[in-house]
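Asker: 3D, please:
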Amino acid sequence: MVTKMEKGSVSIEIKKAIAIVEFGHPASNSLPSDLLNRLTNAFLDLSTNKDINVIILRSKGNKTFCAGASFNELIAIENLENGIAFFSGFANVINKMRACNKLIIGQIQGKAVGGGVGLIAACDYALATEEASVKLSEISIGIGPFVIEPAISRKIGVAATTTMTLEATDWKTAYWAKEKGLYAKVFKTKDELIKETEYFAEKLASYNPEALTALKNIFWKNTKDWPKLLAERAKISGELVLSEFTKKALAEFKK
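Answerer: Sure thing, here's the model as predicted:
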């Protein structure tokens, strides 16, 4: 099944009890609202699909896994309602990944920024290449990774999240991310990554699906308040994106 949208797409392929969710966007696989909504619906639908036991999340291309929020939509936000709605898109995806009954494996072939790092952190297990550096650049434009912070802190801890957030212009290498727990393994090439991801997914898919679901629930314990928490965080981001500082920073970045 392939869903097409203006300058972006989401596809779902099912084989051997494994669902492969692939997204793409010409602007370095950035995430406009429409694409976020389609990813949210994909995880919602797959959660109850009895034909699959495991999900692989990946993106198109070789250089960038995900550039985070759509810049064009970000600069177009004119009021609080629009701001909350935009950042709620990230909250919805993370919550659906969290609540999904299937284990999600991230196949990370390239760099990730902001919301892209949030997607990786929301996976239950992530494999990457050496090219998969990560960065949280939000504070540099006056916002902050408020919506994605719970998922990232849960995965790599508060100290590492603080470092990434405050060192907003610095890329952290894939090996740094592995050391902190964002990635389970790092490979030299994309071919090695694909081979290992498929092998690992097939192995997991052969296990008792009821046991996998029970484990997922345990892995994500103490997160049932996230729908409310992430909604509150989306409001903070929605307010800050309207600030004079952020508007000016976005205008400078656009130039």
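
Asker: top helix in the chain by residue count?
Answerer: Longest among the helix segments of the chain by residue count, using DSSP state H, is helix 80-99.

Asker: just the buried residues of it, please?
Answerer: Buried residues in helix 80-99, counted by 16 or more other Cβ atoms under 10 Å: 82-84, 86-99. For glycine as for every other residue, the C-beta is placed from the backbone atoms N, C-alpha and C.

Asker: same deal with stretch 172-179?
Answerer: Neighbour-count burial for stretch 172-179, counted by 16+ other Cβ under 10 Å, picks out 172, 174, 176-178.

Asker: ranges for the strands of this structure?
Answerer: Listed in chain order, the strands of the chain (DSSP state E) span residues 2-5, 8-15, 18-24, 54-59, 64-66, 103-108, 111-113, 125-129, 134-135, 185-187.

Asker: okay, the angle between the longest helix of the chain and strand 54-59?
Answerer: Calculated by axes from the mean of the first three to the mean of the last three Cα atoms, to 10 degrees, helix 80-99 forms an angle of 140 degrees with strand 54-59.

Asker: tell me the mean pLDDT over helix 80-99?
Answerer: For helix 80-99, mean pLDDT is 97.

Asker: what helices or strands is it leaning on?
Answerer: Packing partners of helix 80-99 (3 or more Cβ pairs under 8 Å, 6 or more residues apart in numbering; DSSP states H and E): helix 33-47, helix 71-76, helix 115-122, helix 149-156, helix 226-240.

Asker: of the buried residues of stretch 172-179, which belong to helices?
Answerer: Among the buried residues of stretch 172-179, the members found in helices (DSSP H) are 174, 176-178.
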